[in-house]
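Novice: need a 3D model of the sequence below.
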Amino acid sequence: MFSRVAKPNNISALCIVARNFSSTARANRKVAVLGASGGIGQPMSLLLKQSPLISHLSLFDIVHTPGVAADLSHIETRAKVTGHTGNDELGAALDGCEVVVIPAGVPRKPGMTRDDLFNTNASIVQTLAEGCAKHCPEAMICIISNPVNSTVPITSEVFKKAGVYDPKKIFGVTTLDIVRSNTFIAEGKGLDVSKTSCPVVGGHSGITIVPLISQCSPKVSYPQDELEKLTNRIQNAGTEVVNAKAGAGSATLSMAYAGARFACSLLEALNGKEGVIECGFVKSDVTKATYFSTPLLLGPKGLERNLGLGEVSDYERKIIEEALPELMKNIKKGEDFVKSR
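Specialist: Here you go, the predicted model:
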């Protein structure tokens, strides 16, 4: 059971906007956000600016980055902010970075799947990953750009080609699935959401998203029809937002929160905090899929230990098996994209 999966701590007095965004300890960490002018990048950069663990927040995008950087630089927190625009400045943005978060890419619109974004976002992620492999090969890479099931393998293949691949340092950020699960369960059961924790495994799209509701803390139970309905809502929550925004965007604010939460958990682990656990999509041998999201123990060198699936219900085992063919197809698509270029 996942009682061992710790819920992120309450808000630090030094960072008043999210769970587990920082400890009171300081560290000199340079963090880059690639795609910092976008719908996810701007609010996520705002959240990261508030972490005392970041001494230099480096913002990169193809347009408008100096303005975003100037705006954030007026905030009375520790991190120095610099803005970098265009491929000629990518090296300066990345040089010396220890954590790189990549939300760059085009958002989904009504009727689009994450896979519809593949051709555009795959090229963007490949270019940015090549920059990371060249300018900060030891950095922790946190991939948000969709489809994550494919963009994480793309990043790994780029690092392999460059001869600097370390599977413990490349993460697909699936935290939004956990955030949604916690919220939906807490709202439905009348629980304190800050004390509700439900791991989500698999991938980061549609049926590949598998909430392990049997492992939720505190313990919850549902009739089978309600369990299936809740699972379906968690799997399709992104589409719920896309449709609600009616063409004006996708899940930007909640993804910014989730991305900042993962990045700051990783920073705390790099800073020596013990017991930091987040789910993430990584190179894996937990299932027959070569990448799979599970709870991960984070440490000073990135992924310290994959905590695996734990005990799952018959229903969860069934939907994991149903998810694997789609997940493996997504992974292969990402790997083939790099190999063919």
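
Novice: okay, now the unreliable bits of the stretch 101-250 of the chain?
Specialist: Counting by pLDDT under 70, the ranges of the stretch 101-250 of the chain that qualify are 114.

Novice: rerun at 80
Specialist: Counting by pLDDT under 80, the stretch 101-250 of the chain contains low-confidence ranges at 107-116.

Novice: mind listing the strands for it?
Specialist: Along the stretch 101-250 of the chain, the segments classed as strands by DSSP state E, counting those that start in this stretch run 140-143, 170-172, 200-202, 209-211.

Novice: am I right that residue 297 falls within a strand?
Specialist: Yes: checked against DSSP: H, G, I helix; E, B strand; the rest coil, residue 297 lies within a strand.

Novice: with adjacent residues omitted, what lies nearest to it?
Specialist: residue 305 (4.3 Å; Cβ to Cβ, 6 or more residues apart in numbering). (Glycine included, C-beta is placed from N, CA and C.)

Novice: ok, residue 42 - contacts?
Specialist: Taking Cβ atoms under 8 Å, 6 or more residues apart in numbering as the definition of contact, the neighbours of residue 42 are 36, 68, 256.

Novice: mind running it again at 6 Å?
Specialist: Neighbouring residues of residue 42 by Cβ atoms under 6 Å, 6 or more residues apart in numbering: residue 68.

Novice: domains of the chain?
Specialist: Using automatic domain parsing, the domain ranges for the chain come out as 19-172, 175-339.

Novice: A strand includes residue 33, no?
Specialist: Yes: using three-state DSSP, the secondary structure at residue 33 is a strand.

Novice: that one against residue 100, yeah?
Specialist: No: the pair residue 33 / residue 100 is not scored as a contact, 8.0 Å apart, by Cβ atoms under 6 Å.

Novice: neighbour count winner among these two?
Specialist: Just comparing residue 33 and residue 100: by other Cβ atoms under 10 Å the higher neighbour count belongs to residue 33, 32 against 27.

Novice: for that one, what are its contacts?
Specialist: The neighbourhood of residue 33, defined by Cβ under 6 Å, 6+ apart, consists of 41, 45, 59, 101.

Novice: will you turn those residues into a markdown table that also has neighbour count?
Specialist: Formatted as a markdown table, the entries for the contacts of residue 33 read as follows, by neighbours: other Cβ atoms under 10 Å:
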| residue | neighbour count |
| --- | --- |
| 41 | 26 |
| 45 | 31 |
| 59 | 29 |
| 101 | 29 |
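
Novice: tell me which two of those residues sit farthest apart.
Specialist: Taking every pair in the contacts of residue 33 and measuring Cβ to Cβ, the maximum separation is 10.5 Å, between 59 and 101.

Novice: so residue 280 sits in a strand?
Specialist: Yes: the assignment for residue 280 is a strand, going by three-state DSSP.

Novice: how close does it sit to residue 269?
Specialist: With the distance defined as Cβ to Cβ, to the nearest Å, residue 280 ends up 12 Å from residue 269.

Novice: over to residue 340?
Specialist: Computed as Cβ to Cβ, the residue 340 to residue 269 distance reads 35 Å.

Novice: who has more neighbours out of those two?
Specialist: In this view residue 340 and residue 269 are compared by other Cβ under 10 Å, and residue 269 has more residues nearby, 24 against 6.

Novice: may I have the phi/psi pair for that one?
Specialist: The phi/psi pair for residue 269 (degrees, to the nearest 10) reads phi -60, psi -40.

Novice: excluding chain neighbours, give the residue nearest to it in space.
Specialist: For residue 269, the nearest residue in space outside its immediate sequence neighbours is residue 298; the separation is 3.6 Å by Cβ to Cβ, 6+ apart.

Novice: tally up the residues packed near residue 223, please.
Specialist: 8.

Novice: same deal with residue 330?
Specialist: The number of residues packed near residue 330 is 27, by other Cβ under 10 Å.

Novice: got the contact list for it?
Specialist: 149, 150.

Novice: try 8 Å this time
Specialist: Residue 330 makes contact with 115, 147, 149, 150, 203, 205, 208 under the criterion Cβ under 8 Å, 6+ apart.

Novice: would you mind measuring from it to residue 295?
Specialist: Residue 330 sits at a distance of 21 Å from residue 295 (criterion: Cβ to Cβ).

Novice: repeat that for residue 305.
Specialist: As defined by Cβ to Cβ, residue 305 lies at a distance of 10 Å from residue 295.

Novice: who has more neighbours out of the two?
Specialist: Each of residue 305 and residue 295 has its neighbours counted (other Cβ under 10 Å); residue 295 has more, 25 against 12.

Novice: need the pLDDT of the residue nearest to that one when sequence neighbours are not counted.
Specialist: Leaving out its chain neighbours, the residue that sits closest to residue 295 by Cβ to Cβ, 6+ apart is residue 307, at 4.3 Å. In this prediction, residue 307 carries a pLDDT score of 98.

Novice: residue 307 contacts residue 298, correct?
Specialist: No: distance between residue 307 and residue 298: 10.7 Å, which falls outside the contact criterion (Cβ atoms under 8 Å).
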